[in-house]
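Engineer: Only the shape, not the letters, is given here:
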């Protein structure tokens with residue numbers, strides 16, 4: 001039986017575990033789908049390329065507000081799709097070719113499962129089985145969309161985030177099941193492409209997770225003008241035929257659509273590994289259990305990314321991959337992965353970004369907290385943008401003056417949030433952050449400084 005020094009299940013962030021320092025290691029790399037994993041092929045990269053195009057389309061639609069004569073005649077969906085996936089597929093193909101041509105890497109295309117401690121079998125699409133052992137194994141096979149029974153049992157077609165970005169024709173009437181960040185981003189994309197969008201969400205607000213309630217209220221109110229929001233409602237039944245769907249909701253209303261996008265959550269792929277046979281424990285959330293060093297319950301087996309992490313973001317998976325790589329190479333001086341202070345962003349129109357605590361969390365854990373808030377319309381660059389909706393909100397510990405959390409909604413939010421990421425990580429006080437560095441005038445970053453100064457005024 002073939003034996004490897006290292007076997008990696010998943011070629012997304014797991015692929016980056018392979019290092020030049022492992023040139024004398026015999027390595028197996030297993031991938032069930034396209035090389036590069038979810039982010040490159042089905043997730044954050046193509047979706048953000050599409051979202052940027054949607055932002056351009058929205059800018060053209062709003063050109064009259066800036067005294068520019070322009071008209072959006074439409075979005076060339078097939079050309080857009082081919083441009084996006086022409087780029088990502090090329091990266092995927094080149095990445096696979098590079099690994100296949102590496103002298104010390106064997107690339108397996110197929111599904112991996114444990115058959116014993118540090119023992120795997122890979123079944124390819126033709127049913128051939130390749131069994132091998134390894135001194136070390138890294139599990140990085142990600143997650144997948146959750147499909148509710150009412151959808152799966154209907155027998156009618158549906159799309160997920162894995163499939164909808166590659167469709168041949170943009171929907172005319174798109175029903176989106178779910179109101180989280182994936183649902184919001186893809187709704188933004190297809191709305192800009194001309195679709196009439198209906199969002200079906202069981203909660204009373206869109207988004208969730210790390211988002212502050214003020215941000216959620218603002219975003220939900222803004223989206224009411226763009227999309228048909230069916231909040232506090234769940235999908236009860238689907239009828240009709242492909243291209244002509246009728247969705248019945250728990251509040252008794254119905255939605256008609258030609259396309260249904262299921263974006264109601266994701267689940268780890270731990271249940272597809274036969275993990276028990278490898279001595280790998282899975283927690284109550286269906287994730288591979290790991291310690292701070294990325295180690296599982298099985299000796300020599302590590303895990304990273306969406307299959308094991310409580311924070312399912314690509315930049316988290318990349319950080320975990322760096323940690324696991326270090327620990328594989330330096331088992332005598334292990335490095336831990338921290339999930340504190342992880343920023344996140346939603347690439348909708350407007351953008352949303354956050355880091356640290358929400359105000360609700362501050363009420364519970366830091367009752368002496370202070371709030372600073374400034375609208376984009378309060379700063380000169382906001383005037384240039386004619387932005388009347390965006391704002392920056394910062395939460396400060398009233399005793400230590402340290403930043404507890406920050407939340408931004410508006411243009412460039414995903415960039416602006418990094419000022420607060422640095423402040424929290426390096427424990428800069430709000431006063432120092434606001435008053436010591438120069439802030440370029442009239443850059444949009446003034447909204448950050450003014451929110452911080454707003455706290456000082458409140459104190």
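Structural biologist: Great, that's in hand. Everything numeric in this text was worked out from a predicted model, so none of it was measured. Numbering: from 1, shown residues only.
Engineer: Distance from the chain centre to the helix ranked longest in the chain, please.
Structural biologist: Of all the segments of type helix in the chain, defined by DSSP state H, the longest one is helix 77-101. Helix 77-101 has its C-alpha centroid displaced from the chain centroid by 20 Å (CA atoms, centre = their mean, to the nearest Å).
Engineer: Remind me what that helix packs against, helices and strands.
Structural biologist: Secondary-structure packing of helix 77-101 (3 or more CB pairs under 8 Å, 6 or more residues apart in numbering; DSSP states H and E): helix 37-41, helix 44-61, strand 105-109. Placement of C-beta: from N, CA and C, glycine included.
Engineer: Could you give the average pLDDT over that helix?
Structural biologist: For helix 77-101, mean pLDDT rounds to 98.
Engineer: Contacts for it next, please.
Structural biologist: With contact meaning CB atoms under 8 Å, 6 or more residues apart in numbering, helix 77-101 is reached by 11, 15, 18, 29, 31, 34-36, 40-41, 45-46, 49-50, 53, 105, 107, 165-170, 193.
Engineer: What residues of that helix count as buried?
Structural biologist: 77, 80-81, 84-85, 88-89, 92, 95-96, 99 (16 or more other CB atoms under 10 Å).
Engineer: about what we covered before: can you select the buried ones from the contacts of helix 77-101 in ChimeraX?
Structural biologist: To isolate the buried ones among these in ChimeraX, judged by 16+ other CB under 10 Å, type:
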select :11,15,18,29,31,34,35,36,40,41,45,46,49,50,53,105,107,165,170,193
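Engineer: For the biggest strand by length in the chain, which residues meet the burial criterion?
Structural biologist: Longest among the strand segments of the chain by residue count, using DSSP state E, is strand 129-139. Buried residues in strand 129-139, counted by 16+ other CB under 10 Å: 130, 132-134, 136-139.
Engineer: what's the neighbour count on residue 340?
Structural biologist: Residue 340: 7 surrounding residues under other CB atoms under 10 Å.
Engineer: Torsion angles phi and psi at the spatially most central residue of the chain?
Structural biologist: By CA atoms, centre = their mean, the chain has its centre lying nearest to residue 313, at 4.8 Å. As for residue 313, its main-chain torsions (degrees, to the nearest 10) stand at phi -130, psi 150.
Engineer: now stretch 370-388: how far from the chain's centre is it?
Structural biologist: For stretch 370-388, the distance to the chain centre is 27 Å (CA atoms, centre = their mean).
Engineer: ditto for stretch 437-445
Structural biologist: The answer for stretch 437-445 is 29 Å, by CA atoms, centre = their mean.
Engineer: for stretch 157-167, same thing?
Structural biologist: Worked out by CA atoms, centre = their mean, stretch 157-167 lies 16 Å from the chain centre.
Engineer: same check, this time on stretch 252-272
Structural biologist: Stretch 252-272 has its C-alpha centroid displaced from the chain centroid by 16 Å (CA atoms, centre = their mean).
Engineer: Okay, buried residues for stretch 326-339 please.
Structural biologist: Neighbour-count burial for stretch 326-339, counted by 16+ other CB under 10 Å, picks out 326-328, 337.
Engineer: Span of that stretch from start to end?
Structural biologist: End-to-end distance for stretch 326-339: 17 Å, by CA to CA, to the nearest Å.
Engineer: go on, stretch 122-141?
Structural biologist: First-to-last residue span, stretch 122-141, CA to CA: 13 Å.
Engineer: What of stretch 298-306?
Structural biologist: End residues of stretch 298-306 are separated by 19 Å (CA to CA).
Engineer: Need the mean per-residue confidence for it.
Structural biologist: 98.
Engineer: Residues contacting it, please?
Structural biologist: Applying CB under 8 Å, 6+ apart, the external contacts of stretch 298-306 come out as 10, 12-14, 17, 38, 117-118, 134-140, 142-143, 266, 268-269, 278-280, 288, 290, 294-296, 312, 316-317, 320-321, 323-324, 327-328.
Engineer: quick one: the strands in the stretch 351-459 of the chain?
Structural biologist: Assigned by DSSP state E, counting those that start in this stretch, the stretch 351-459 of the chain shows strands spanning 352-356, 370-375, 391-396, 403-409.
Engineer: Would you mind telling me which of the ones you listed is nearest residue 2?
Structural biologist: Smallest distance to residue 2 across the strands of the stretch 351-459 of the chain (CB to CB): 45.2 Å, for strand 352-356.
Engineer: Parallel or antiparallel, which strands does that closest one pair with?
Structural biologist: Here strand 352-356 is paired, per DSSP bridges, with strand 344-346 (antiparallel), strand 403-409 (antiparallel).
Engineer: Now do the helices in the stretch 351-459 of the chain.
Structural biologist: Here the stretch 351-459 of the chain has its helices, by DSSP state H, counting those that start in this stretch, at 359-365, 380-385, 413-425, 430-435, 446-458.
Engineer: Just the buried positions in the first one, please.
Structural biologist: The reference is to helix 359-365. Neighbour-count burial for helix 359-365 [16+ other CB under 10 Å]: 359, 361-362.
Engineer: Equivalent analysis for the second one, please.
Structural biologist: Within helix 380-385, the residues that count as buried by 16+ other CB under 10 Å are 381-382, 385.
Engineer: could you say what helices and strands it packs with?
Structural biologist: Using 3+ CB pairs under 8 Å, 6+ apart, helix 380-385 sits against helix 446-458.
Engineer: And the chain, what are its domain boundaries?
Structural biologist: Annotated domains of the chain cover 2-144+267-329, 149-264, 350-458 [automatic domain parsing].
Engineer: quick revisit: greatest separation within the buried residues of stretch 326-339: which pair is it?
Structural biologist: The largest separation in the buried residues of stretch 326-339, counting by CB to CB, is between 328 and 337 at 13.5 Å.
Engineer: before we move on, the earlier item: figure out which of the helices and strands packed on helix 77-101 is closest to residue 369.
Structural biologist: So among those, helix 44-61 is nearest, using CB to CB, at 31.8 Å.
Engineer: which secondary structure elements does the closest one contact?
Structural biologist: Helix 44-61 packs on helix 77-101, helix 181-192, going by 3+ CB pairs under 8 Å, 6+ apart.
Engineer: Noted, bye for now.
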